[in-house]
Structures are given as C-alpha cells and as structure tokens.
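> missing the sequence, but the structure's below:
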C-alpha cells in the first residue's frame with residue numbers, strides 16, 4: 001500500500017479544486033492507497049505567511065509529505081500560476097522535500113489559456129523541491145466540474161482523461177511495490 005498526500009491549494013472553502021481532490025482520493029483509496037488530503041487553507045495563516053517551519057501544524061504536514069510515496073499537488077490557477085496559498089506552504093518545505101516521490105500536478109481554471117500553468121509554473125516548482133518523477137499533469141476547466149449536495153461530478157469530456165492520469169499515478173506507485181492495479 002502506497003501513502004499519498006494530496007495538497008489542495010485553494011483558499012476557498014467551497015473549492016471545486018478541493019472537491020475534485022476528494023473525488024480522486026476516494027478513487028485512489030479504492031486501489032488500496034492510504035490517502036491524506038491536506039487543504040492548505042486549514043493551516044495557520046500566520047505560520048504560512050511568516051514561513052514558520054517550526055510551527056507544529058507545518059511540521060506535521062512536512063512530516064506527512066516526507067513519509068509519502070506520492071504527492072498530488074492541486075491548485076486553482078490564478079494569474080497563470082498556482083495559488084499564493086500553495087506557494088506559501090511549499091516555501092517552508094525542505095529543499096528536497098519531493099525527492100524520491102512520484103508527484104501528480106493538477107490544476108483547475110476558468111479558461112483553456114491557463115493549461116500551460118502545469119508545465120510553466122507547477123513543473124519548475126516541483127523540480128525545485130527535488131521531484132524527479134513528475135507525472136503528466138492535468139488541467140480541468142472549472143465549467144466541467146459540478147459540486148452540489150450529492151458530491152462532485154466531472155463532465156464526460158474531461159472525466160476519462162482525468163481518471164486516466166490518476167490511474168497512471170496509481171500504477172506508478174503500485175509498480176514500486178510490485179502490486180498490480182485492478183480496475
């Protein structure tokens with residue numbers, strides 16, 4: 001069983017990004033992974049803004065990531081990059097916090113013009129944190145995500161591709177432990 005941490009970088013409590021992360025976490029748990037979802041917005045803002053790497057809540061997240069086999073880094077796209085909130089957390093991570101981990105970048109946004117954020121904002125940041133196995137990321141248009149009282153749904157146009165990327169991530173993690181993915 002692989003350990004996965006899913007970092008949700010949305011500042012909104014009613015976040016489509018976070019809803020999709022929760023949806024994907026459920027799928028990954030179904031494959032036998034131990035998944036922890038960490039909404040960055042729930043961390044103490046003072047500790048994030050002051051880069052207090054010694055704060056107990058920040059230490060807990062850093063420790064959870066250090067023990068993970070895989071990390072999902074998800075964020076809405078603002079101004080062609082991941083959220084400032086996510087950046088604040090990643091700034092307190094140790095220099096090689098993602099070394100040896102498989103990392104899946106996911107982004108949501110309002111326009112297809114933001115699709116390049118995966119390659120031009122997420123990837124360099126992930127590599128700067130030592131990630132040597134960054135999976136092919138996925139960008140999901142906001143208008144293809146519906147969140148209501150029954151949960152989250154992703155329109156058919158995007159769901160297949162999104163789930164394929166997540167399944168590839170799962171396969172990569174399971175291959176490390178010589179376990180086959182059963183769908």
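Structure's in. What do you need? What you are looking at is a predicted structure, and each value in this text was computed from that prediction instead of being measured. Numbers count the residues shown, from 1 in each chain.

> Start from the N-terminal end of this protein and give the helices.
With DSSP state H as the definition, the chain shows helices at residue ranges 16-30, 45-49, 56-67, 84-92, 117, 123-128, 156-176.

> elements contacting the last one?
By that I understand helix 156-176. helix 16-30, strand 70-76, strand 102-109, strand 138-141 (3 or more Cβ pairs under 8 Å, 6 or more residues apart in numbering; DSSP states H and E). To be clear about C-beta, it is placed using only N, CA and C from the backbone, and glycine gets the same treatment.

> since we're on residue 96, how many residues are nearby?
A count of nearby residues for residue 96, using other Cβ atoms under 10 Å, gives 12.

> and the gap between the closest residue to residue 166 other than its chain neighbours and residue 74?
The shortest distance from residue 166 to any non-neighbouring residue, by Cβ to Cβ, 6 or more residues apart in numbering, is to residue 24 (5.2 Å). Computed as Cβ to Cβ, to the nearest Å, the residue 24 to residue 74 distance reads 8 Å.

> Highest average neighbour count across the helices and strands packed on helix 156-176: which stretch is it?
strand 70-76 (a mean of 27; mean count of other Cβ atoms under 10 Å).

> tell me the angle that one makes with strand 102-109.
Interaxial angle, strand 70-76 versus strand 102-109 (axes from the mean of the first three to the mean of the last three Cα atoms, to 10 degrees): 10 degrees.

> circling back: dump the helices and strands packed on helix 156-176 to TSV, plus distance to residue 153 and mean pLDDT.
As requested, the helices and strands packed on helix 156-176 are exported to TSV (distance: least, Cβ to Cβ, whole Å; pLDDT from 0 to 100):
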stretch	distance to residue 153	mean pLDDT
helix 16-30	8	97
strand 70-76	17	98
strand 102-109	14	97
strand 138-141	12	97
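
> Rebuild these as a markdown table, extending it with distance to residue 4.
Shown next, in a markdown table, are those (distance: least, Cβ to Cβ, whole Å):
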| stretch | distance to residue 4 |
| --- | --- |
| helix 16-30 | 6 |
| strand 70-76 | 4 |
| strand 102-109 | 9 |
| strand 138-141 | 16 |
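
> To residue 169, which of the ones you listed lies closest?
Distance to residue 169, taken as Cβ to Cβ, is lowest for strand 102-109 among the helices and strands packed on helix 156-176, at 4.5 Å.

> If I look at residue 179, what pLDDT would I see?
Per-residue pLDDT puts residue 179 at 39.

> go on, the one 4 residues further on?
Reading off the confidence values, residue 183 has pLDDT 30.

> Would you tell me which one of the helices of the chain is buried the most?
Each of these was assessed for mean neighbour count using mean count of other Cβ under 10 Å. The highest is helix 117, with a mean of 23.
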